[in-house]
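Student: got a predicted structure plus its sequence, pasted below:
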Amino acid sequence: MKKRNSTSLKKVYGFIAVAFMMITLTVAMCMSVSAQPMVRTQDVVHTTKAKWDNGLAKTPPMGWNSWNHYGCNINADIIKETADAMVSTGMKDAGYQYIVIDDCWMDSVRTSSGRLQNNPKRFPDGIKAVADYVHSKGLKFGIYSSAGTKTCQGLPASLDHENVDAKTFASWGVDYLKLDNCYNQGRPLIERYTAMHNALKAAGRPIVFSICEWGVDSPWEWAPKLGNLWRTTGDINDSWGSMTYILDQEVGLYKYAGPGHWNDPDMLEVGNGGMTNTEYQAHFSLWCMLAAPLMAGNDLRNMSPATKDILMNKDVIAVDQDPKGVQGHKISDDGDQEVWVKPLSDGSSAVVLLNRGDQSAFMTTTAEQVGLPKSSSYKVKNLWSHGSRYNPKTFTTEDLIRGRVASHGVVMYRVWPNK
Ligand code: GLA
């Protein structure tokens, strides 16, 4: 009975999230003003299994992006203060590197010579000045455009301007480009993203290429040969329903990820206020299990201690950044309770016990079920617990991996076979 109730709750959350995403996608598609019908990429270009190696993003990129918290309300001061905060809060030391300006940085017209230019009010000294500032902090700088005639907010974008835009970005010192899919004129996806791929190669600067086509045309099949990461879904919003709805769409995608090439379930919402800290802890743990790019999306200048603890948990980040680059996958699901496993380079595995139900639950799995080799015992480290009598930081087990998991929470372990 309880299971049925929570399964229907899962469905309700799913329904709300689907409705939200449908509205977002419909708006985006309406903006993709098109005289022709949408052409499926498979009809146009045959993909190969070859992957692009630009030497970048060997582990999932970590950084910050302006969109989730600020939307269009950005300016040079916010970006510079965020770079300062990235350093002063310890985020940089924890591994966060890229400061990415999303939509709305550009002016509504190109220059007379056809180059994108900064919005003069928001970025009075130009984008290069901001990039220089970010670099002076030992960080890397990222920017946004669309593989369409306009960005999703209706500003000039890169379709048919790929070469000039890639050169402009390179001349400003851009290290990361997120390329969206709005106003795409119904033109074939792969053709459009290949044009920017080629332009970035020709621009002569190493630039992480983040493909943002919202998972509409199985990007995991073709994006690894063009870019370093690809969005797998529509936009996240700051709610448990949206986060878990995206999580459900990651099932089965693990085989496409690896060093240099990552599934991107969208940016983090940790610290933005729409979920509880328990839910944010689950969100962060699960994104790390997915080997997701970790792009913080909150106000780094004003973080609560709880937000900092989540975003800077080094044990959990190490799971995301593990050099083996294997994306975690779900090994069991009873409607409320899920077990996720991520094999790591030192022979251990990360294990997440996720409780989507509305009551706390005692959950168990075994070393055998999570795929660890047979051993007389296993060392288990709880990656969130600070250690207590009933919830120790580390313990040894012969086989059972178990824990009491809060409603909408996780228990996250790293488990080593003892030699
Ligand atoms: C799309 C993208 C978002 C964000 C906005 C900006 O919706 O999916 O991540 O970049 O555009 O307009």
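Tutor: On my side now, so go ahead.

Student: when you work out contacts or count neighbours from here on, use the C-alpha atoms and nothing else.
Tutor: Noted.

Student: low-confidence stretches in the chain?
Tutor: The chain contains residues with pLDDT under 70 at 1-49.

Student: the ligand contacts on that one?
Tutor: Near the ligand, the residues belonging to the chain are 102, 103, 152, 153, 235 when assessed by Cα under 6 Å from any ligand atom.

Student: list buried residues within the residues you listed.
Tutor: Among the residues of the chain next to the ligand, the ones that count as buried by 16 or more other Cα atoms under 10 Å are 102, 103, 152, 235.

Student: would you confirm that the first one contacts residue 143?
Tutor: This means residue 102. Yes - between residue 102 and residue 143 there is a contact under Cα atoms under 8 Å: 6.0 Å.

Student: just to revisit the earlier point, I'd like the buried ones among the residues of the chain next to the ligand as TSV, with secondary structure appended.
Tutor: Converted to TSV, those look like this (DSSP: H, G, I helix; E, B strand; the rest coil):
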residue	secondary structure
102	coil
103	coil
152	coil
235	coil
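
Student: now the residue of the chain found nearest the ligand. Its backbone dihedrals?
Tutor: At 4.2 Å from the ligand, residue 152 is the closest residue in the chain, using Cα to the nearest ligand atom. When read as degrees, to the nearest 10, the backbone of residue 152 gives phi -60, psi -20.

Student: the helices in the stretch 1-150 of the chain, which residues?
Tutor: For the stretch 1-150 of the chain, helices defined by DSSP state H, counting those that start in this stretch occupy the ranges 2-31, 67-70, 76-88, 91-94, 127-136.

Student: what residues does the second one touch?
Tutor: If I follow you right, that is helix 67-70. 101, 102, 103, 237, 267, 268, 269, 272, 297, 298, 299 (Cα atoms under 8 Å, 6 or more residues apart in numbering).

Student: kindly export it (C-alpha atoms) in PDB.
Tutor: Taking Å, rounded to 0.1, in the frame of the first residue of the first chain, the C-alpha atoms of helix 67-70 are listed here in PDB:
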ATOM      1  CA  TRP A  67      21.600  30.900 -15.500                       C
ATOM      2  CA  ASN A  68      19.900  29.000 -12.700                       C
ATOM      3  CA  HIS A  69      20.200  31.800 -10.200                       C
ATOM      4  CA  TYR A  70      20.400  35.000 -12.200                       C
END
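
Student: tell me the buried residues in it?
Tutor: By neighbour count on 16+ other Cα under 10 Å, the buried set for helix 67-70 is 67, 68, 69.

Student: is it true that residue 345 touches residue 320?
Tutor: No - if you go by Cα under 8 Å, residue 345 and residue 320 don't touch, sitting 11.5 Å apart.

Student: neighbour count for these two, which is higher?
Tutor: Neighbours were tallied for residue 345 and for residue 320 using other Cα atoms under 10 Å; the higher tally belongs to residue 320 (32 against 13).

Student: the more buried one contacts residue 291, correct?
Tutor: Yes - in this structure, residue 320 is within contact of residue 291 by Cα under 8 Å, at 4.7 Å.

Student: quick revisit: present the buried residues of helix 67-70 as TSV; the columns should include distance to residue 59.
Tutor: Below are the buried residues of helix 67-70 laid out as TSV (distance: Cα to Cα, whole Å):
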residue	distance to residue 59
67	23
68	23
69	25
